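1. I would like to see how this sequence folds:
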Amino acid sequence: MAPDSFAGVALAWADQPGDLPRRFESRQALEAELRHLFPAAEGNLSPIRGGRRQAEALLSRIQPARYSKGRNFLDGPVTRLSPYIRHGALSLAEVRDAVFTRLQAPGGGGRQAGEKLINELGWRDYWQRLWQQLGDGIWRDQEEFKTGHHPGAYSPELPADVAEGRTGLACMDGFITELHETGWLHNHARMWLAAYLVHWRRVRWQAGAQWFLRHLLDGDPASNNLSWQWVASSFSHKPYFFNRGNLERYSGGTFCRSCPLSEQGCPFDASYEQLEAELFAPMPSLRAGNDRSRERRDPRRQGSPAAAAALSRPTRRH
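-> Alright, predicted model coming up:
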């Protein structure tokens, strides 16, 4: 994230010889300096602004009740706070307290209205605690695949057409472009892209996880890797997959209307039963839990009582 929004704010330590510049006259000056320092780097400065000031502005606009109802839609009322949490501009406890304050205000809807948002904070806390336990093991399969395929059936390399955003699928290429140009993706788009790579293209989740970490402003091995494993089924009881109907519903049909494969050749245009038969080796039904009832298992049932308790109530202020 761009440090220009820290302009005028003194940091806690003095300037040292060789330090990167701290203040810039404009965002253009920042981008020019970055191009000078990193001439081989590709891409442009993300449009997402960094810093505490921007984080506080976004935090003041959270809508927990609306988030609960519309979070799965690409244009839904998501918070976009993840990059600021990832880089320490906001803490999980601070976000939690802001959510509870908003819920308790007149018309806020009460605690039940904020359950989904608090649950997502709980997942992030849970992933971090697992990372503390697993260390570099976060890069290894936590469980056997439930796809019916041997791990050796998955390629260890990211396909060139995926890396370059030229798969021919308007949805996937759109997600890839957004990832590369902004450093952020809606969670549903991340899941669709991960499922496409692992299940349709038969690529190891590690290749996708590394790719995401190279681009995501909010990327960290805990949330990133374990979410990829949840999709792949090496950290869940079944693989996550989707069909065209699901993608059209939550994307507003934007991609399908412009896709050259919309009329013929869309790999997602089938029922869940048909896709299950095409993608996975014969095994007990996988459909239940995909999209119609796609909620992840509650972290309180995943052996993480500390993670659950840490987010169960606001912090007292003294």
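2. residues in contact with the residue nearest the centre of the chain?
-> Central residue of the chain (C-alpha atoms, centre = their mean): residue 187, 4.4 Å from the mean position. Residue 187 sits next to 71, 78 when contact means C-beta atoms under 8 Å, 6 or more residues apart in numbering. C-beta: built from backbone N, CA, C; applies to glycine.
3. Model confidence at it, what's the number?
-> pLDDT, residue 187: 96.
4. So what's the residue count around residue 63?
-> Using other C-beta atoms under 10 Å, residue 63 has 19 other residues around it.
5. Quick check: closest non-adjacent residue to it.
-> residue 77 (5.1 Å; C-beta to C-beta, 6 or more residues apart in numbering).
6. what's the answer for residue 178, then?
-> residue 185 (5.9 Å).
7. Same check on residue 243?
-> Nearest one to residue 243, counting by C-beta to C-beta, 6+ apart, is residue 268 at 5.3 Å.
8. secondary structure element for that neighbour?
-> Under the criterion DSSP states H and E, no helix or strand holds residue 268.
9. That one: neighbouring residues, count only.
-> 22.
10. Looking at it now. What's its pLDDT?
-> 98.
11. now do residue 6
-> For residue 6, the predicted pLDDT is 39.
12. related to what we said a few turns ago, from what I see, the residue nearest to residue 63 and residue 65 are in contact.
-> No - using C-beta atoms under 8 Å, residue 77 makes no contact with residue 65, being 9.2 Å away.
13. ok, those two, which is more surrounded?
-> Applying other C-beta under 10 Å to residue 77 and residue 65 shows that residue 65 carries more neighbours, namely 20 against 17.
14. residues touching that one, list them.
-> 103, 108-109, 113-114.
15. does it belong to a helix or a strand, and which?
-> helix 64-70.
16. Dump that helix to CSV, restricted to CA.
-> Presented in CSV, the C-alpha positions along helix 64-70 are these (Å, rounded to 0.1, in the frame of the first residue of the first chain):
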residue,chain,number,x,y,z
PRO,A,64,-22.4,-5.1,9.6
ALA,A,65,-26.0,-5.8,8.9
ARG,A,66,-25.8,-5.1,5.2
TYR,A,67,-22.5,-7.1,5.1
SER,A,68,-24.3,-10.2,6.4
LYS,A,69,-26.9,-10.0,3.7
GLY,A,70,-24.8,-9.0,0.7
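17. Run the chain-centre distance for that helix.
-> Its chain's average C-alpha position is 17 Å from that of helix 64-70, according to C-alpha atoms, centre = their mean, to the nearest Å.
18. helices and strands around the following helix or strand past that helix, which ones?
-> Sequence-wise, the next helix or strand downstream of helix 64-70 (DSSP H and E) is helix 82-86. With contacts taken as 3 or more C-beta pairs under 8 Å, 6 or more residues apart in numbering; DSSP states H and E, helix 82-86 sits against helix 52-59.
19. Buried residues, the helix it packs on. List them.
-> Neighbour-count burial for helix 52-59, counted by 16 or more other C-beta atoms under 10 Å, picks out 54-55, 58-59.
20. Export the residues you listed to TSV and append columns for pLDDT.
-> TSV is the format used below for the buried residues of helix 52-59 (pLDDT from 0 to 100):
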residue	pLDDT
54	95
55	96
58	97
59	97
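21. Identify the farthest-apart pair in the residues you listed.
-> 54 and 59 (9.6 Å; C-beta to C-beta).
22. in the chain, which helix or strand is least confident?
-> helix 305-310 (a mean of 38; mean pLDDT, DSSP states H and E).
23. coming back round to it: which one of the contacts of residue 65 sits in the busiest neighbourhood?
-> residue 114 (24 neighbours).
24. unless I'm mixing things up, that residue is touching residue 104, no?
-> No - counting by C-beta under 8 Å, residue 114 stays clear of residue 104, with 9.6 Å between them.
25. Would you mind listing where this protein has pLDDT under the threshold?
-> Per-residue confidence for the chain (pLDDT under 70) gives these ranges: 1-13, 283-318.
26. hey, which helix is longest across it?
-> Looking across the chain with DSSP state H, the single longest helix is helix 115-134.
27. Can I get that helix as PDB, trimmed to CA atoms?
-> C-alpha atoms of helix 115-134 as PDB (Å, rounded to 0.1, in the frame of the first residue of the first chain):
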ATOM      1  CA  GLU A 115     -22.600 -12.400  13.300                       C
ATOM      2  CA  LYS A 116     -21.200 -13.000   9.800                       C
ATOM      3  CA  LEU A 117     -18.700 -10.100  10.000                       C
ATOM      4  CA  ILE A 118     -17.500 -11.100  13.500                       C
ATOM      5  CA  ASN A 119     -17.300 -14.700  12.200                       C
ATOM      6  CA  GLU A 120     -14.900 -13.600   9.400                       C
ATOM      7  CA  LEU A 121     -12.700 -11.800  12.000                       C
ATOM      8  CA  GLY A 122     -12.700 -15.100  13.900                       C
ATOM      9  CA  TRP A 123     -11.500 -17.000  10.900                       C
ATOM     10  CA  ARG A 124      -8.600 -14.600  10.400                       C
ATOM     11  CA  ASP A 125      -7.600 -15.000  14.100                       C
ATOM     12  CA  TYR A 126      -7.900 -18.800  13.700                       C
ATOM     13  CA  TRP A 127      -5.700 -18.900  10.700                       C
ATOM     14  CA  GLN A 128      -3.000 -16.900  12.500                       C
ATOM     15  CA  ARG A 129      -3.100 -19.200  15.500                       C
ATOM     16  CA  LEU A 130      -2.700 -22.200  13.200                       C
ATOM     17  CA  TRP A 131       0.200 -20.500  11.500                       C
ATOM     18  CA  GLN A 132       1.900 -20.100  14.900                       C
ATOM     19  CA  GLN A 133       1.600 -23.900  15.400                       C
ATOM     20  CA  LEU A 134       2.400 -25.100  11.900                       C
END
